[in-house]
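Novice: sequence below, structure please.
(4 chains)
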Number of protein chains: 2
Amino acid sequence: MVQAGLELARAGGPDAVVLREVTRLVGVVPNAAYRHFSDREALLAAIRDEALSMLALRMADGMNHVSAGSQTEQGAGLRLRAVGKAYLAFAREEPGLFDTAFTSAHPHPSTDRPSDRQTPFDHLQAALDNLVQAGVLARERKPVIEYPIWATVHGMATLLRGPLEPLTDREKRKLEAQALDFIGSAVGPEAETAGARVG
Amino acid sequence: MVQAGLELARAGGPDAVVLREVTRLVGVVPNAAYRHFSDREALLAAIRDEALSMLALRMADGMNHVSAGSQTEQGAGLRLRAVGKAYLAFAREEPGLFDTAFTSAHPHPSTDRPSDRQTPFDHLQAALDNLVQAGVLARERKPVIEYPIWATVHGMATLLRGPLEPLTDREKRKLEAQALDFIGSAVGPEAETAGARVG
DNA sequence: GTCGTAAGTGGACGCTGTCCACATTAGCAC
DNA sequence: GTGCTAATGTGGACAGCGTCCACTTACGAC
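Specialist: Numbering: from 1, shown residues only, chains lettered A, B, ... in the order given. From the prediction side, this is the model:
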């Protein structure tokens, strides 16, 4: 059922996850859904969790594909950039799932956070920890920039699929790179020069 | 009609703008709406334009309330911060309108951009031009950071009403300030020290 | 005064989420 | 094996939604 919902979400975002259509795909009658989810919103929440996991997986993947050692200045910088790149790539390639992952409207605090899986933000924190260990980022600076960094990447992903949607693909890619450069310049000059001109 | 829609949007975001309810508020029968808008989406687009104008107005207001001269380093820095603050305040105080302003799903390129009014992005650009004229920001740097700056503010506004919604108001305010500081640190150290610790 | 256009009306259609009562099935105690 | 219980699925209904069609009314140009 969640699987069927994911397909709908992938194709058309959260609004495309219509309960009756999900049950249709699964081959049961609409009311059967209420045996497993209290609500359409609850079903959507399950799908959202799945979409978030997919995003997190992509980020982990991106990080693991960086060959440079994680303790080196360059390796740490590249890792941060890879995390951001994966985030932006997911939003670009799976817009429906991305939207679904971040549409809250959550009057459902029931499915709160017993989430054992790693979240996208966890991966960002890991990358920043790397930078601290590599000596590129001052330890006390991390807590004040982690959320702004997330905001920059998330905001760019959102804007590109909102007001900036009419831009060409080429322009969009350029803006993605600018966002990553911008983060680099705020994290520290060394990390920036290390990570720039790579992707 | 747009006015009635704005009230619904203010109270419940774009999904609360249900065509039949709008016509109910206005005192006509649902079909009457189709004499003025081809579609629910067209009505929503009109409401969205209005919401965007309101946001732009708030930003202009915030900028105008900075007393320091716009040509001084401090004045220019404060102006940039004021623009960002207004953006975040609008998202915090008028979440319904903010969501409405930025939910696109626009298969309606009809109401494209004959918009004579100033957009939120226009105000950000004006603030950055100020920084260039005040000598704080290198002219060639502006085009590569304008969109990332927008993304940072927009992303923080979005995240605070999404995954970060459970945070306390105090924590949210702190993150808003962090986002503005982050932008300051990326624009240039001088602008940062000028703008920091002000609010 | 006739006519054309803009605005509103009335009724219907198919779709949605959700509720209720009922039927089927699986697992398990004895 | 029989009987009980819990889980799962079914059928029918309801109100609400966006939208389409044909019809009526108000009004300004000529």
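
Novice: now do the contacts for the closest residue to A:Glu165 other than its chain neighbours.
Specialist: In space, and not counting its chain neighbours, A:Glu165 is closest to B:Ser104: 6.3 Å by CB to CB, 6 or more residues apart in numbering or on different chains. For every residue, glycine as well, the C-beta is placed using N, CA and C. Shown in contact with B:Ser104 (CB atoms under 8 Å, 6 or more residues apart in numbering or on different chains): A:161-163, A:165.

Novice: make a markdown table out of the residues you listed and add pLDDT.
Specialist: What follows is those, written out as a markdown table (pLDDT from 0 to 100):
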| residue | pLDDT |
| --- | --- |
| A:Arg161 | 95 |
| A:Gly162 | 94 |
| A:Pro163 | 95 |
| A:Glu165 | 95 |
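
Novice: just flag the most distant two among those.
Specialist: Spatial extent of the contacts of B:Ser104 (CB to CB) is set by the pair A:Arg161 and A:Pro163 at 9.2 Å.

Novice: against A:Val22, how distant is the most far-flung residue of chain A relative to its centre?
Specialist: Each residue of chain A has a distance to the centre, and by CA atoms, centre = their mean the biggest one is for A:Val29: 33.7 Å. Distance, A:Val29 to A:Val22, using CB to CB, to the nearest Å: 12 Å.

Novice: for the closest residue to chain B within chain A, give me its contacts.
Specialist: Nearest residue of chain A to chain B, counting by CB to the nearest CB: A:Gly155, 2.5 Å away. For A:Gly155, the contact set (CB under 8 Å, 6+ apart) comprises B:150-156, B:158.

Novice: ok, the residues you listed vs DNA strand D, which is closest?
Specialist: B:Thr158 (24.4 Å; CB to the nearest atom of the strand).

Novice: CA atoms of the helix or strand hosting A:Leu175 as PDB?
Specialist: A:Leu175 is located in helix A:169-187, with elements delineated by DSSP states H and E. Presented in PDB, the C-alpha positions along helix A:169-187 are these (Å, rounded to 0.1, in the frame of the first residue of the first chain):
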ATOM      1  CA  ASP A 169      18.000  23.400 -17.100                       C
ATOM      2  CA  ARG A 170      21.400  24.900 -17.700                       C
ATOM      3  CA  GLU A 171      20.600  27.900 -15.500                       C
ATOM      4  CA  LYS A 172      19.100  25.700 -12.800                       C
ATOM      5  CA  ARG A 173      22.300  23.700 -12.700                       C
ATOM      6  CA  LYS A 174      24.300  26.900 -12.400                       C
ATOM      7  CA  LEU A 175      22.200  28.100  -9.400                       C
ATOM      8  CA  GLU A 176      22.600  24.700  -7.700                       C
ATOM      9  CA  ALA A 177      26.400  25.100  -8.000                       C
ATOM     10  CA  GLN A 178      26.200  28.700  -6.700                       C
ATOM     11  CA  ALA A 179      24.300  27.500  -3.700                       C
ATOM     12  CA  LEU A 180      27.000  25.000  -2.900                       C
ATOM     13  CA  ASP A 181      29.800  27.600  -3.500                       C
ATOM     14  CA  PHE A 182      27.900  30.000  -1.200                       C
ATOM     15  CA  ILE A 183      27.900  27.400   1.500                       C
ATOM     16  CA  GLY A 184      31.600  26.800   1.000                       C
ATOM     17  CA  SER A 185      32.400  30.500   1.300                       C
ATOM     18  CA  ALA A 186      30.500  30.700   4.600                       C
ATOM     19  CA  VAL A 187      32.100  27.500   6.000                       C
END
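
Novice: what's the neighbour count on the nearest residue to A:Ser70 once chain neighbours are set aside?
Specialist: Sequence neighbours aside, A:Asn130 is the residue nearest to A:Ser70 in space, at 5.2 Å (criterion: CB to CB, 6+ apart). Residues near A:Asn130, counting by other CB atoms under 10 Å in any protein chain shown, number 23.

Novice: A:Asn130 and DNA strand D, how far apart?
Specialist: The gap separating A:Asn130 from DNA strand D is 43 Å, by CB to the nearest atom of the strand, to the nearest Å.

Novice: state the helix or strand in which that residue lies.
Specialist: Assigned by DSSP H and E, A:Asn130 falls within helix A:120-133.

Novice: for the top helix by length along chain A, give the mean pLDDT please.
Specialist: When chain A is parsed with DSSP state H, its longest helix is helix A:40-64. Averaged over helix A:40-64, pLDDT sits at 96.

Novice: what helices or strands is that helix leaning on?
Specialist: Here helix A:40-64 touches helix A:2-12, helix A:19-26, helix A:73-93, helix A:95-102, helix A:120-133, going by 3 or more CB pairs under 8 Å, 6 or more residues apart in numbering or on different chains; DSSP states H and E.

Novice: circling back: check contacts around the residue nearest to A:Ser70.
Specialist: By CB under 8 Å, 6+ apart, the contact list for A:Asn130 reads A:70-71, A:75-76, A:79-80.

Novice: give me that answer again for 6 Å
Specialist: A:70, A:76, A:79 (CB atoms under 6 Å, 6 or more residues apart in numbering or on different chains).

Novice: looking at pLDDT only, which of those residues scores worst?
Specialist: Minimum pLDDT for these is recorded at A:Ser70 (73).

Novice: quick one: it and DNA strand C, what's the gap?
Specialist: 45 Å.

Novice: go on, A:Glu165?
Specialist: A:Glu165 sits 26 Å away from DNA strand C, going by CB to the nearest atom of the strand.

Novice: for that residue, helix, strand, or coil?
Specialist: coil (DSSP: H, G, I helix; E, B strand; the rest coil).

Novice: what is the burial count for it?
Specialist: For A:Glu165, the neighbour count with other CB under 10 Å is 13.

Novice: over to A:His154?
Specialist: 29.

Novice: residue contacts, it?
Specialist: Contacts of A:His154 (CB under 6 Å, 6+ apart): B:155, B:159.

Novice: report the angle between the helix or strand it falls within and helix A:95-102.
Specialist: In the assignment (DSSP H and E), A:His154 maps to helix A:142-160. If you take axes from the mean of the first three to the mean of the last three CA atoms, to 10 degrees, helix A:142-160 sits at 140 degrees to helix A:95-102.

Novice: ok, so what distance separates A:Ala134 from A:Val187?
Specialist: Using CB to CB, one obtains 11 Å as the distance from A:Ala134 to A:Val187.
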